[in-house]
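> this is a predicted model, with the sequence first.
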Amino acid sequence: MRDKAVHAALCAVLLVYLGLVGHRGVLLVREGTWVTVPLGAAVLVLPLLGAWFLWRGTRFVLGANRLARRLDAEGGLPVDDLPRTPSGRVDRTAADAAFAARKAETEEHPEDWRCWFRLAVAYRDARDTPRARKAMQHALDLHALDPHASHAPAGAAAERKRLGRPDVP
């Protein structure tokens, strides 16, 4: 719960900052000189980019949390029993061993979002954040295409048809 409150507070602060930057951009455009108008237009792009990144990040986190809740309800969340270093990080050799098992599981079932979710957790434990994010995004994409998923978007059937898999079980 504390993480959600911190996230909400940081989002609010960022939105206020983006609003202030946007206001400065409007003021520069209103100045009307040949220097301030293009500069103001460029400054107005920054809040749009910031809002887009905030939206994408929040959407990713909400989706990953939704998958975690579903996997927990199914009893498929990976158990966090890896040994820790004195600083609290997962031991590197134990994480590598767990990663090998998760990678093999994912190679056996490449269309199962649950395997990709667990692989993302193994990547995170092995301190490979970029690959963890990619694996989690792949899990989210597979979950969206799962016809038995309770949160499949309305366009999932069309996407399956486009991919040539209209009757994926």
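Alright, I've got the coordinates. Residues are numbered from 1 along each chain as shown.

> hey, let's count contacts and neighbours off CA atoms from now on
OK.

> which residues of this protein score low on pLDDT?
The model of the chain has pLDDT under 70 over residues 147-169.

> surely Val61 is in a helix?
Yes. Assessed with DSSP: H, G, I helix; E, B strand; the rest coil, Val61 lies in a helix.

> how near is it to Glu105?
Distance of Val61 to Glu105, given as Cα to Cα, to the nearest Å: 24 Å.

> compare these two (neighbour count), which wins?
The neighbour count for Val61 versus Glu105, taken as other Cα atoms under 10 Å, is higher for Glu105 (16 against 12).

> so that one is in which element?
Assigned by DSSP states H and E, Glu105 belongs to helix 92-108.

> ok, now which ones touch Leu18?
Leu46, Pro47, Gly50, Ala51 (Cα atoms under 8 Å, 6 or more residues apart in numbering).

> and those, which of them are buried?
Pro47, Ala51 (16 or more other Cα atoms under 10 Å).

> and the contacts of Leu18 as a markdown table, adding secondary structure?
Shown next, in a markdown table, are the contacts of Leu18 (three-state DSSP):
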| residue | secondary structure |
| --- | --- |
| Leu46 | helix |
| Pro47 | helix |
| Gly50 | helix |
| Ala51 | helix |
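
> ok, of the contacts of Leu18, which one's closest to Arg84?
Taking Cα to Cα as the measure, Arg84 lies nearest Gly50 of those, at 36.0 Å.

> distance of that closest one from Arg59?
Between Gly50 and Arg59 the computed distance is 14 Å (Cα to Cα).

> all set now, cheers.
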